[in-house]
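Novice: pasting the sequence and the predicted model now:
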Amino acid sequence: MASFSPFCLPLIVILSMFCVLNFTAYASANSRSYVSHVCANTTFPQNSSYQSSLNSVLSSLSLYATRNFEFYSLSSLNSSLSSSDAINKIQVSVKIPIYSIYLCRGDVSAEECQECVAAASKEVANKCSNKMAAVIWYQECMIRYSNKPFYSTMDVEPAFTLPSTQNISEQQQLSFSSTVNATLITLASQASEGPADSKKFGTTQVNFSAFQTVYNLAQCTPDLTTADCNRCLQVAIKSFPSGRLEAGVFLPSCFVSYELYPFYRLIDSARALPPPPLSPPPGSAAGPKGKSQIPTVTILATVAPIAVSVVLFFHG
């Protein structure tokens, strides 16, 4: 029988504490990704065709995320679909159309985008299992679906403001708020530049004091025009609670956040050169090239009697 050394006990305790701390940190880091969700009041019957169609559409969103697309819009129309498309293998029977999008944050990698979309699609299916419309926000992505079309439409409701427990002292409040507000207004203007269907994303950082840097991020869904994107971001900025050292406002069409730590990849997105154009697949039409345009491919695949409209944005 092997003997047990008393000197091993402290080591075991330390290793156990290390494992627990690492697991707690891992769980905390992953739980922080989820922000919030909102389900519509309208419901559909359980086990209805809409439910099966919605499940297929959400699965399709995850499928496109694996192909390195950071923005994807899918609409299923008319009455039935049986698609053998190698990319978009979905089978739905739809009496009520479903419109859906996902958007990944402009700085995340393709792998992070896919993981976030996969998690968000499962979470929104669980939390809004019988709802006709819903939106779910993560730090790295968002998913939205509805029985009503919303593509190219600016929506600022429902909204969610990320709570913060870090307040500013009264002496600093006016200076801090005015500095952050001016920075975000400028960032909103820069991030919204470019034609519709171009990437609308920007980050910036400002030194509030010698020991404090504020990191800012703004993004719209690419289907918005410059004017609509800027208006959406301005609504988000005006919704920030006063006197907070960090905050985030999430809307269906855009979101804005600022933190005291670099919560995004430190990329000068306003000055970053656009990636080289990619050759579109045969038979597809290349999207218009703008100043901040990322390569786009628009595909219209018609499978009688349903049309599936897809707008894709490649990760740069």
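Specialist: Looks like it came in fine.
Novice: what about the helices in this structure?
Specialist: 8-31, 49-65, 110-127, 170-191, 226-238 (DSSP state H).
Novice: now the angle between helix 170-191 and the last one, please.
Specialist: Orientation of helix 226-238 against helix 170-191 (axes from the mean of the first three to the mean of the last three C-alpha atoms, to 10 degrees) gives an angle of 170 degrees.
Novice: by contact count, what packs against helix 226-238?
Specialist: If you count contacts as 3 or more C-beta pairs under 8 Å, 6 or more residues apart in numbering; DSSP states H and E, helix 226-238 packs onto helix 170-191, strand 212-220, strand 247-250, strand 254-259. Every C-beta, even on glycine, is put in place using the N, C-alpha and C of the backbone.
Novice: got the buried residues for stretch 246-262?
Specialist: Using 16 or more other C-beta atoms under 10 Å as the test for burial, stretch 246-262 gives 246-259.
Novice: and the gap between Ala188 and Asn55?
Specialist: Between Ala188 and Asn55 the computed distance is 36 Å (C-beta to C-beta, to the nearest Å).
Novice: who's more crowded, those two?
Specialist: Just comparing Ala188 and Asn55: by other C-beta atoms under 10 Å the higher neighbour count belongs to Ala188, 25 against 15.
Novice: my guess is that one contacts Ala218. True?
Specialist: Yes. The pair Ala188 / Ala218 is scored as a contact, 5.4 Å apart, by C-beta atoms under 8 Å.
Novice: find residues that contact each of these two.
Specialist: Each of Leu233, Val256 lies in contact with both Ala188 and Ala218 under the rule C-beta atoms under 8 Å, 6 or more residues apart in numbering.
Novice: what's the domain layout of this structure?
Specialist: Following automatic domain parsing, the chain resolves into domains at 34-151+279-314, 160-259.
Novice: turn those domains into CSV, including mean pLDDT and distance to Leu266.
Specialist: Putting the domains of the chain into CSV (pLDDT from 0 to 100; distance: least, C-beta to C-beta, whole Å) gives the following:
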stretch, mean pLDDT, distance to Leu266
domain 34-151+279-314, 72, 9
domain 160-259, 90, 8
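Novice: how about those domains, which one is nearest Arg265?
Specialist: domain 34-151+279-314 (4.2 Å; C-beta to C-beta).
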